[in-house]
Structure formats: C-alpha cells, structure tokens
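Enquirer: below: sequence and its predicted model.
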Amino acid sequence: MSAIVDARALVREYRMGEEIVHALRGVSLAVHEREYVAIVGPSGCGKSTLLNLLGVIDRPTTGELSIAGERVDRLSDARATDFRLRRIGFVFQRFYLMQALTARENVELPLAEAGMAGTERRDRALDLLDYVGLRKRERHRPSQLSGGEQQRVAIARALANRPALLLADEPTGELDAYTGAEMIALFERLNADGTTIVVVTHDEDLARAAKRVVHMRDGEILG
C-alpha cells in the first residue's frame with residue numbers, strides 16, 4: 001500500500017521571547033493507505049504539533065512532509081488552504097459546528113467551498129448523515145443535538161470531500177464513556193471502510209482500537 005503520510009526529520013521550533021521551544025525534534029513517520037494510527041504521549045510532548053503539520057495547518061521549521069503524494073511543507077498559504085479542503089478531514093474535541101446551521105447545512109459547508117452544485121451537495125450531505133446514523137436529525141441545529149450527535153455531524157462534515165486522510169484531535173475528549181465507546185466503534189467502521197486515520201488521544205480505549213500506536217515524548221517518537 002502507498003504512503004499517505006511521508007514525514008522525514010520534521011523539526012518545529014517556536015521562539016518565545018529569548019527562548020526557543022523545540023516542539024518537534026526530527027520526527028519521521030510513515031502512514032500507509034487504510035492505516036489507523038493513534039499518537040499518544042503526555043501533554044506537551046509534541047503530538048498536537050505533529051497533527052497540525054500533518055493537517056497542513058502549520059509548517060515544519062526543517063524537514064520534508066508529503067501527504068497523498070504531494071510535498072506540502074512548502075505550499076503557499078492559498079494552496080495549503082485548498083489542499084486542506086480537498087485532501088484532509090478534521091475532527092476536533094469541541095466539534096466546531098456552526099450554531100446557526102442545521103446538521104445537513106454544516107455537512108454541506110465544505111462541499112459548497114469546493115464548488116459542488118446544490119442538489120449534489122444536499123444528496124452527499126444526506127448520505128453522510130445516514131452513514132453516521134443521523135439522517136433523521138438533518139434539520140436539527142447543534143443546540144438540539146447531544147454531544148455524541150454533534151461529533152457524528154462533525155465526522156460527516158470531515159468526510160464530505162472524500163479526504164485522503166482523516167485527522168482527529170481528542171475526538172472523545174468531550175464525551176461520556178458510553179458515547180465515547182460509540183465514537184470508537186464509528187472510527188473502527190470508518191477505517192474498515194477504507195478511511196486512513198491518524199488520531200491524537202489520551203483515551204486508552206481509543207488508542208487500543210487503532211491498528212498502530214505511536215508513542216511520543218519530548219518532541220520525539222519513541223522506539
């Protein structure tokens with residue numbers, strides 16, 4: 001299987017006053033098509049920094065990064081924005097749904113940004129809501145949905161443009177144990193259906209569900 005993520009010797013440094021913070025210290029990582037990888041480690045170890053680089057939200061100080069066969073560490077801001085829209089799906093701890101929009105309209109947002117026509121956009125959004133078990137809640141706004149339902153809408157939105165890579169940052173962090181278990185099952189189903197997933201988590205159950213666990217400490221991958 002081909003590598004969706006090919007990270008080589010990634011270094012990320014931040015300047016804070018006179019001090020330089022070494023967030024990543026030469027991280028190399030390959031994630032292949034259809035893999036499900038959990039990145040774990042203590043707070044401040046660099047895992048969220050690495051996820052931001054994989055999501056083309058940030059750039060490495062040095063090193064090379066390819067996602068889905070394209071070098072992304074040197075993209076212009078405009079090209080990086082377009083790449084994120086079309087090639088990467090994001091799931092966050094706090095959902096980040098638009099409160100004024102219905103569940104269906106939230107899922108349609110990235111489709112509209114990608115230029116999909118209205119009828120096709122609506123059908124795609126409804127198919128995704130059906131996939132995550134929320135077809136009957138399409139007209140509900142986030143305030144009318146439970147935390148687990150909001151996260152399902154967020155996952156549907158992340159899948160809208162058929163991304164090459166799904167990234168999740170503590171996706172069960174705001175959920176109770178029962179709802180978190182449902183979300184873990186959904187991620188397993190997504191992966192079984194062919195989605196390549198990288199998740200950052202402190203949730204031991206979520207990490208155990210992944211096919212591979214990557215341990216980080218002090219800006220480095222262990223082992």
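Expert: Received it, and whenever you're ready, just let me know what you need.
Enquirer: the residue most central in space within the chain: what's it in contact with?
Expert: In the chain, the centroid-proximal residue (C-alpha atoms, centre = their mean) is residue 167; its distance is 1.8 Å. The contact partners of residue 167, by C-beta atoms under 8 Å, 6 or more residues apart in numbering, come to 51, 54-55, 88-91, 197-199. From N, CA and C alone the C-beta is placed, and that goes for glycine too.
Enquirer: residue 175 now?
Expert: 147-148, 151, 183.
Enquirer: how about residue 111?
Expert: Residues near residue 111 by C-beta under 8 Å, 6+ apart: 121, 124-125, 160-161.
Enquirer: name the helix or strand for it, please.
Expert: Residue 111 is part of helix 103-113, with elements assigned from DSSP states H and E.
Enquirer: excluding chain neighbours, give the residue nearest to residue 14 in space.
Expert: Nearest in space to residue 14, with sequence neighbours left out and distances taken as C-beta to C-beta, 6 or more residues apart in numbering, is residue 21 at 4.5 Å.
Enquirer: how about the one you found, secondary structure?
Expert: strand (DSSP: H, G, I helix; E, B strand; the rest coil).
Enquirer: what's the neighbour count on it?
Expert: For residue 21, the neighbour count with other C-beta atoms under 10 Å is 12.
Enquirer: now do the contacts for it.
Expert: 13-15.
Enquirer: now stretch 162-173: buried residues?
Expert: 163-173 (16 or more other C-beta atoms under 10 Å).
Enquirer: can I get that stretch in PDB, CA atoms only?
Expert: The C-alpha coordinates for stretch 162-173 follow below in PDB (Å, rounded to 0.1, in the frame of the first residue of the first chain):
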ATOM      1  CA  ARG A 162     -13.600  12.300   0.400                       C
ATOM      2  CA  PRO A 163     -10.300  13.200   2.100                       C
ATOM      3  CA  ALA A 164      -7.200  11.100   1.600                       C
ATOM      4  CA  LEU A 165      -6.500  11.400   5.400                       C
ATOM      5  CA  LEU A 166      -8.800  11.900   8.400                       C
ATOM      6  CA  LEU A 167      -7.200  13.600  11.400                       C
ATOM      7  CA  ALA A 168      -8.800  13.600  14.800                       C
ATOM      8  CA  ASP A 169      -7.600  15.600  17.900                       C
ATOM      9  CA  GLU A 170      -9.000  14.100  21.100                       C
ATOM     10  CA  PRO A 171     -12.400  13.200  19.400                       C
ATOM     11  CA  THR A 172     -13.700  11.500  22.600                       C
ATOM     12  CA  GLY A 173     -12.500  14.200  25.000                       C
END
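Enquirer: and that stretch, how far out from the chain's middle?
Expert: Taking the mean of its C-alpha atoms, stretch 162-173 sits 3 Å from the chain's own mean (C-alpha atoms, centre = their mean, to the nearest Å).
Enquirer: tell me the mean pLDDT for that stretch?
Expert: What stretch 162-173 shows for mean pLDDT is 96.
Enquirer: helices along the chain, start to end?
Expert: Taking DSSP state H to define them, one finds helices in the chain at 47-54, 77-87, 103-113, 118-131, 147-158, 177-192, 204-209.
Enquirer: can you redo the ones you listed as TSV with mean pLDDT?
Expert: TSV is the format used below for the helices of the chain (pLDDT from 0 to 100):
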stretch	mean pLDDT
helix 47-54	96
helix 77-87	96
helix 103-113	97
helix 118-131	96
helix 147-158	96
helix 177-192	96
helix 204-209	96
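Enquirer: appreciated, that's everything.
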